[in-house]
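# Provided below are the primary sequence and the corresponding predicted coordinates.
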Amino acid sequence: MLHSAANVQRIGDTPESGVYIDRSLSDYVLLEQTHGYNRLWLYHQDIQEAVGDKRKELLLTMGALFLAFGFILQWILQRVLTRPFLHMVYTAQRFADGSTEARFDERRVDEFGFLGKFFNKALDFLLVQQDELREALNRVRESETALYQEKERAEVTLYSIGDAVITTDESGRVDYFNPVAERLTGWVLENVQGKPLCEVMRLVNENTRETVANPVELCLKCGEILELAEHTLLIRDDGEEVAIADSAAPIRDRAGHIIGAVMVYHDVGHARKLARQLSYQATHDALTGLYNRRAFEEQLKESLESAREEEREHALCYLDLDQFKIVNDTCGHIAGDEMLKQLAHLLQSKVREADVLARLGGDEFGVLLRYCALDQARVIAEDLRRTVRDFRFICDEHSFETGVSIGVVAVDGRTHNLVEVQSAADVACYAAKEGGRNRVHLYVPDDHELQQRQGEMRWVSRIHKAMAEDRFLLYCQPILPVDERSVLPNHFEILLRIQDEDGQEVPPMAFIPAAERYNLMPMIDGWAVRNVLRRVQQSGMRLQNSIWTINISGRSLGDEEFLQLISQELEATEFPAQQICFEITETAAIANLRRASRFIKMLKAKGCKFALDDFGSGLSSFGYLKNLEVDYLKIDGSFVRDIVTDKIDRAMVEAINNLGHVMNIRTIAEFVENQQILDVLRSLKVDYAQGYGIARPLPLIQMLDSIHSKPKVQNSAG
């Protein structure tokens, strides 16, 4: 019996015949149908063959299963492992090819996502490092460029610099010479490179010829910048000597360690020559070759110190040639200079070797006699005086003789300072001139005349200081008409005072003689003119009925600058020139008659007036008066003071007054102390009166404030 059709397989091509195999059995059963007949064949299969078949079937099935599993596993691995890995490889390849935007997949939630995040952070960090490295490289390149430029600049600078430059290593061996160093040393760099610098540069002191330590060696030892000792000479390779000045400094690395030294030096031969020349010129007189005043004072200071500390005794002589100006005026200054040179040589031959002779200026000389007592100094001074007296100077057809006035002062332990001893010598020299010239005068501390001269000399500095500190004071004293009914304008004479350092007022006679003697009056007169014109003008006072009198020194009469100052101030202040009266003394006018006449003429042309002070005190007053175009005569107070009791004084005043009126000159009587004097002057018809009986001097500012109307003489003198 056959099983179901599903397990039966027909074999054959015709319906009439066929063979059917039932595979459901372990054995084969064949059913053969032929022409309506069924024939059944049963075949029994061998067991081993059946097992083999089953095994093959099983193996085939397993192979199919494994193959399917392999495909499935391959698909899974490709999706889960291979694709992400290949993507990572692709990303890495892109980044390696320069695509900085390439990034690993961070969206996965597995290990590849974790690796992607890690690699991306690493890539970002790498890019940052790459940018920083690129910037660093750029900076390095820029630094290299700058360093190269600096190197080139330094080499060009060192090559073209005017100073010699030498560098060494830490052991003092030569590394570099610039061309100036090669020229000064006489060596070429290639011949000395690596040699100790001390073998290349031989240094000695130009004065002692002793070897001088090389500053490079010293600075390498101490690590500090050092300078070469003064007066150093460099001995070149050829033996020539070069005066040099230099400095050496250590070269350090970044850690501060010394790796070498640099030495810079230059030729100072010309500079030293100029320095010696300037030093000589600073201490010597260009004309005579003697010491000048500055060097002489230094020598005098040393002698003062030795006198105090060692109790030594020296002497100082001041020499002033007599009538030397005649040579200059006759033959010119060139001849005068030649005479001074010959006299300097002559005097030098007469002093001792230890003594110091100097030209102090003009025709003045100084001699410092070292270790010389005052008596011996006088003998030497007399010898110098005779030498100058016996000297004859020949110029063309002229022969000149001259003398010399010498002041001698001791320099010992009692001498306080330089100014004191110079002042004493100057005063003694002046006394020698005053005593008749061509003589020697010894300074004696208790000499009254010399003390007076010293006092005047001290006033010189005090006057300058008072002028600088604006301590000059202007006072004013009225000069009023004697006749109370007169329409003559009031006069106001300007007087000077100085306020000293303690605030006390100093009268004019305390400092005017010193100012006259030392030619300070033009400065003082100029200050007075400038301040009077400006202060009176600024006060706003009506000037129509007043005349302001300013005293002028004899020294100022011939001073062109003073004359120019008056003109400038009149123009600047617009002060009416006809309201200004300049007062000069009779003595000054007679002594400088030509200059006084010119001075008066030039200022009268501008409208100024002039008064002649102290008239009658000179022996030739009346004779000179007609040569001076003055507007007022101030009768000397010595005649006015005793006019009430002395007939001669009265006659003199009357004569001067009458002479003035004949010449159309107004008269002013000084020293009017009381009403009796004033009454006599009124009877003599003197025009003006001045004195304490009329009005006392007041500060100019106070006087300007108090002037409101014309004062009356009788009110003041009564």
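Yes, it's here.
# show me the protein divided up by domain.
Here the domain parsing of the chain from automatic domain parsing is 5-45, 161-274, 309-445, 470-717.
# mind jotting down where the strands sit in the stretch 351-500 of the chain?
Per DSSP state E, counting those that start in this stretch, the stretch 351-500 of the chain carries strands over the ranges 356-361, 364-369, 392-395, 398-401, 403-411, 440-442, 472-481, 490-499.
# turn these into JSON lines, columns for distance to Ile701.
C-beta coordinates here come from the backbone N, C-alpha and C atoms, glycine included. As requested, the strands of the stretch 351-500 of the chain are exported to JSON lines (distance: least, CB to CB, whole Å):
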{"stretch": "strand 356-361", "distance to Ile701": "42"}
{"stretch": "strand 364-369", "distance to Ile701": "44"}
{"stretch": "strand 392-395", "distance to Ile701": "58"}
{"stretch": "strand 398-401", "distance to Ile701": "56"}
{"stretch": "strand 403-411", "distance to Ile701": "45"}
{"stretch": "strand 440-442", "distance to Ile701": "47"}
{"stretch": "strand 472-481", "distance to Ile701": "8"}
{"stretch": "strand 490-499", "distance to Ile701": "12"}
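# low-confidence stretches in the stretch 51-200 of the chain?
Scanning the stretch 51-200 of the chain for pLDDT under 70 picks out 77-80, 154-160.
# returning to that earlier point: want to throw the strands of the stretch 351-500 of the chain into CSV with mean pLDDT and distance to Gly637?
Formatted as CSV, the strands of the stretch 351-500 of the chain follow (pLDDT from 0 to 100; distance: least, CB to CB, whole Å):
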stretch, mean pLDDT, distance to Gly637
strand 356-361, 89, 41
strand 364-369, 90, 39
strand 392-395, 85, 49
strand 398-401, 82, 45
strand 403-411, 88, 36
strand 440-442, 87, 35
strand 472-481, 94, 13
strand 490-499, 93, 13
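# and those strands, which is most packed in?
Greatest average neighbour count among the strands of the stretch 351-500 of the chain goes to strand 403-411 (a mean of 26), per mean count of other CB atoms under 10 Å.
# quick one: the domains of the chain as a markdown table, columns for distance to Leu86 too.
Compiled in a markdown table, these are given as follows (distance: least, CB to CB, whole Å):
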| stretch | distance to Leu86 |
| --- | --- |
| domain 5-45 | 49 |
| domain 161-274 | 52 |
| domain 309-445 | 109 |
| domain 470-717 | 106 |
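# quick one: which of those domains is nearest Gln299?
domain 309-445 (4.8 Å; CB to CB).
# how far does that closest one sit from the chain's center?
Offset of domain 309-445 from its chain centre (CA atoms, centre = their mean, to the nearest Å): 40 Å.
# next one: stretch 467-483
Worked out by CA atoms, centre = their mean, stretch 467-483 lies 43 Å from the chain centre.
# just the endpoints, please. Distance across it?
40 Å (CA to CA, to the nearest Å).
# ok, stretch 410-424 next?
Span of stretch 410-424 from end to end, CA to CA: 9 Å.
# nearest to Glu111 among the domains of the chain would be which one?
Across those, closest to Glu111 is domain 161-274 (CB to CB), at 49.4 Å.
# now the end-to-end length of that closest one.
Domain 161-274 end-to-end distance (CA to CA) = 23 Å.
# do stretch 89-108 as well
End-to-end distance of stretch 89-108 (CA to CA): 16 Å.
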